[in-house]
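# how would this look folded up:
(2 chains)
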Amino acid sequence: KAGVTQTPRYLIKTRGQQVTLSCSPISGHRSVSWYQQTPGQGLQFLFEYFSETQRNKGNFPGRFSGRQFSNSRSEMNVSTLELGDSALYLCASSSGTGVEYGYTFGSGTRLTVV
Amino acid sequence: QKEVEQNSGPLSVPEGAIASLNCTYSDRGSQSFFWYRQYSGKSPELIMSIYSNGDKEDGRFTAQLNKASQYVSLLIRDSQPSDSATYLCAVTGAGNMLTFGGGTRLMVKP
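I've put the predicted structure just below:
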């Protein structure tokens, strides 16, 4: 069974640009969550989608957005990139209707903003 | 105050010893509790889940939950150098999301 797939693995962008990250959950998983991980802040929740609906959003500015498609694949977009957006972005999927069984994480996308 | 607290470590134990990792949380309504292991440069990997008070054992790992005291712990018996990693405690919070602690770095010395 394929795991959670995130693309691309690495990205280098310039301040002011925008970026789109992609996540394909485990087959059959309908809940997809996104986290930002930095050395100083640890894992910070961005948002969670279930059946194409955003159910939860973390405390991030509006420059961070996401969506989920009917096949449960998800994308997140960051506009007007800032240096502080450099981080590992992790996507996770879960079975069931929520997180009662925990998440399975993808390998992440490492974003560097220069 | 952070919602999920862990000692950042590093926690250093000799090979073969028991490693004890602790976590406290603030939301009394939390129902599900998880331990993740994260190797340097890798993504977190789920190793244990626990939902009710008491102990849950899986191989060399034992998770312990005390909801009254709002703490969760992870014991690793017969620690191996390959157990050296950062261990993240995660707790369900409001809505369908997990809140993570900052992680405890474990070093197992041969």
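# phi, psi for the nearest residue to A:F69 once chain neighbours are set aside please.
Ranked by C-beta to C-beta, 6 or more residues apart in numbering or on different chains and with sequence neighbours excluded, the top spatial neighbour of A:F69 is A:E52, at 6.9 Å. Placement of C-beta: from N, CA and C, glycine included. Backbone geometry at A:E52, expressed as degrees, to the nearest 10, gives phi 70, psi 0.
# what about A:E52, neighbour count?
Neighbours of A:E52 under the rule other C-beta atoms under 10 Å in any protein chain shown: 13.
# list the contacts for it?
Contact partners of A:E52, counting by C-beta atoms under 8 Å, 6 or more residues apart in numbering or on different chains, are A:67-70.
# need the pLDDT of the spatially most central residue of chain A.
Centroid-nearest residue in chain A: A:W34, 3.2 Å away (criterion: C-alpha atoms, centre = their mean). pLDDT for A:W34: 97.
# same check on B:K2?
pLDDT, B:K2: 66.
# what is B:S20 paired to in the beta sheet?
Beta-bridge pairing for B:S20 (DSSP bridges): B:L75.
# before we move on, back to that, what about the strand or helix carrying the residue nearest to the centre of chain A and chain B, any contact?
Using DSSP states H and E, A:W34 sits within strand A:31-38. Yes. Counting by C-beta under 8 Å from any C-beta of the partner chain, chain B has neighbours in strand A:31-38: A:31, A:33, A:35.
# for the last one, list the residues it contacts.
A:Y35 makes contact with A:43-46, A:89-92, B:100, according to C-beta under 8 Å, 6+ apart.
# export the residues you listed to CSV and tack on neighbour count and secondary structure?
Converted to CSV, the contacts of A:Y35 look like this (neighbours: other C-beta atoms under 10 Å in any protein chain shown; DSSP: H, G, I helix; E, B strand; the rest coil):
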residue, neighbour count, secondary structure
A:L43, 25, strand
A:Q44, 16, strand
A:F45, 20, strand
A:L46, 23, strand
A:Y89, 23, strand
A:L90, 24, strand
A:C91, 30, strand
A:A92, 28, strand
B:F100, 24, strand
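# export those to TSV and tack on distance to A:Y101 and pLDDT?
Formatted as TSV, these follow (distance: C-beta to C-beta, whole Å; pLDDT from 0 to 100):
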residue	distance to A:Y101	pLDDT
A:L43	18	94
A:Q44	22	94
A:F45	17	93
A:L46	20	96
A:Y89	22	98
A:L90	17	98
A:C91	16	97
A:A92	11	95
B:F100	16	94
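# list just the nearest of those residues to B:G16.
Minimum distance to B:G16 across the contacts of A:Y35 is 29.2 Å, recorded for B:F100 (C-beta to C-beta).
# not counting its neighbours along the chain, what's nearest the closest one?
A:L43 (4.1 Å).
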